[in-house]
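[1] One predicted model, sequence on top.
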Amino acid sequence: MVLAVDQAVINWVVFFHVLAVIVGFGSTFVWPALASYGRTQEPAVAYAFSSASLKLGKVLTSYPIYAAGALGLLAAILIDGAFKEPWLSISMLLYLVALGVSLGLHTPNLKAMNELQRQLVEGEATPTQGGPPAQVLELQERGKKAGMFGGILHLIFAIILILMVVKPF
């Protein structure tokens, strides 16, 4: 379906699409740095960083990323012939894969890590024989997963960015 739309409308849609990409995806590079800094602090401070990141992430990351996808789709609908471009189809598919990884794997893992930190801060640690509390061990494992999922998401973002800028095919 091709809509007869003024070029100015398309330009504004693309502008807001790019703005949402910058805000949403740009902020995803800040959260790991904050988490790394938080790990060097007292458990209560680390927990505060983690909790704040989860809350602010919705506003500064999730919603703009959803808007970026919706505005990108709207731009493709408004631009005649856009859906014939393979780079666009691949980018949209990768965006959906990234949403699946984020919502299905990364976010639940981050929420579980936050809960483990809460337990440690509030004195609900489960003792183990001769080692750190069980929550610490699970946090370490989940931290590795968080790094892996975050890395996958950043790689997908980089590939989408290359496809959008270079339009190789």
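    Done, it's in.
[2] From here on, just use CA atoms for contacts and neighbour counts.
    Fine.
[3] Show me where this structure dips below the pLDDT cut-off.
    1-4 (pLDDT under 70).
[4] buried stuff in the helix ranked longest in the chain?
    Using DSSP state H to define each element, the chain has its longest helix at helix 134-166. The neighbour-count check on helix 134-166 (16 or more other C-alpha atoms under 10 Å) flags 135-136, 139, 142-143, 145-146, 149-150, 152-154, 156-157, 160, 163 as buried.
[5] Which one of those residues is nearest to residue 6?
    residue 163 (25.7 Å; C-alpha to C-alpha).
[6] and the nearest residue to the closest one once chain neighbours are set aside, what does it touch?
    Spatial nearest neighbour of residue 163, chain neighbours left out: residue 87 (5.7 Å); criterion: C-alpha to C-alpha, 6 or more residues apart in numbering. Residues near residue 87 by C-alpha atoms under 8 Å, 6 or more residues apart in numbering: 163-164, 167-169.
[7] Enumerate every residue touching the one residue sitting closest to the centre of the chain.
    Central residue of the chain (C-alpha atoms, centre = their mean): residue 28, 5.5 Å from the mean position. Shown in contact with residue 28 (C-alpha under 8 Å, 6+ apart): residue 61.
[8] how much space between it and residue 76?
    25 Å (C-alpha to C-alpha, to the nearest Å).
[9] need the helices for the chain, in chain order.
    7-27, 30-39, 43-57, 63-78, 86-101, 107-121, 134-166.
[10] So for residue 127, which of the ones you listed sits nearest?
    helix 134-166 (6.4 Å).
[11] what's the angle from the closest one to helix 30-39?
    150 degrees (axes from the mean of the first three to the mean of the last three C-alpha atoms, to 10 degrees).
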